[in-house]
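Chemist: Any chance you can model this:
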Amino acid sequence: MAWLGALRLAGHAVPAAAQYASGPTVTIEAASDERRRGLSWSDGDPVLRGTLSVPVAQGFSLDGAATTLWGSDRHGGADAVLDLGATYVKQLGGFRLSAEGRYHLFPGASRAYVRYWGYGEVGAIAGCSLGPASIDLGARYAPRQSAIGGDNLYLSGGAAMGIPGTPFTMSGHVGRSSGDVRNPVSAARLRPDGAYWDHGVALDWYQGRWSAGLRYADTDIDAPDTRHAGATLIGRVDFTL
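Modeler: The predicted structure follows:
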């Protein structure tokens, strides 16, 4: 369930046990903000999200998610974002390798401007587990597309550790967004201050089908571009069917 884990923590490492599923999985989540790579996609408003992961072969799954955006300024007034794609995970001894492809659609966004259209990206993640801890290194790349004003590369590193004897997991990550700019206005959608760093830490609670968490997120984007990119604390709760 690598895709679900990525959605829950938006870049944080997750426990290895949370990254695999033997059958279809549906999760319903409520969160106080939709932050991706340190940027708010929901203008700081609470969101609801539904995710579905369907295994179709050993290590391979089809994934989808729908998240409310309530007229997002960042995405041209979009009411929601649909994330559609697939994930392949391979376990090699103590290491796990994954590859993924995603396309992001924005229902309700202005169709008058190409910069608000959908865009796609591919990614690869390598990780390993050390007892209750896990470490992951990832790279996600969006090829040159008009909707994002060029291309976009996101490199990240994360770590997570289950606290022994408790249902809690601590995690943290750091990432860097960069890329070639062909149209500065469209590129600002994903990189409002050009290349930038984001980081965060999280505390998550898992109990049966329920989980909840608190996450701190921030970027090094300078004013006046810090709107929806500054330090924030995000809460979430979800239920897996």
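Chemist: All the strands of the chain, residue numbers only.
Modeler: In the chain, the strands defined using DSSP state E lie at 25-31, 35-36, 39-40, 47-57, 60-72, 78-92, 95-105, 119-130, 133-145, 150-162, 168-178, 196-207, 210-219, 232-240.
Chemist: got a list of what residue 116 touches?
Modeler: 75-78, 106, 109-110, 147, 189 (CB atoms under 8 Å, 6 or more residues apart in numbering). All C-beta spots, glycine's among them, are computed from the backbone N, C-alpha and C.
Chemist: Just list whatever residues bridge to the residue lying closest to residue 174 once chain neighbours are set aside.
Modeler: Using CB to CB, 6 or more residues apart in numbering and skipping residues adjacent in sequence, the residue nearest residue 174 is residue 199, 4.5 Å away. Judged by DSSP bridges, the bridge partners of residue 199 are residue 174, residue 218.
Chemist: Residue 37 is in contact with residue 199, correct?
Modeler: No. Using CB atoms under 8 Å, residue 199 makes no contact with residue 37, being 10.3 Å away.
Chemist: Now for those two: what residues contact both?
Modeler: Common neighbours of residue 199 and residue 37, using CB under 8 Å, 6+ apart, are residue 175.
Chemist: Same drill for these two, tell me which one is more crowded.
Modeler: For residue 199 versus residue 37, neighbours defined as other CB atoms under 10 Å are more numerous around residue 37 (24 against 18).
Chemist: Quick check: the gap between that one and residue 162.
Modeler: Here residue 37 is placed at a distance of 25 Å from residue 162 (CB to CB, to the nearest Å).
Chemist: before we move on, back to that, out of the strands of the chain, which gets nearest to residue 184?
Modeler: Closest to residue 184 of the strands of the chain is strand 150-162 (CB to CB; 9.0 Å).
Chemist: Please save the CA atoms from that closest one in PDB.
Modeler: Output of strand 150-162 as PDB, limited to C-alpha atoms (Å, rounded to 0.1, in the frame of the first residue of the first chain):
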ATOM      1  CA  GLY A 150       8.400  23.200 -17.800                       C
ATOM      2  CA  ASP A 151       9.500  20.100 -16.000                       C
ATOM      3  CA  ASN A 152       9.700  19.300 -12.200                       C
ATOM      4  CA  LEU A 153      12.000  17.100 -10.200                       C
ATOM      5  CA  TYR A 154      11.400  16.200  -6.600                       C
ATOM      6  CA  LEU A 155      14.100  14.500  -4.500                       C
ATOM      7  CA  SER A 156      13.300  13.400  -1.000                       C
ATOM      8  CA  GLY A 157      14.600  11.400   1.900                       C
ATOM      9  CA  GLY A 158      12.600  10.200   4.900                       C
ATOM     10  CA  ALA A 159      12.800   8.000   8.000                       C
ATOM     11  CA  ALA A 160      10.200   6.500  10.300                       C
ATOM     12  CA  MET A 161      10.400   4.600  13.500                       C
ATOM     13  CA  GLY A 162       7.700   2.700  15.500                       C
END
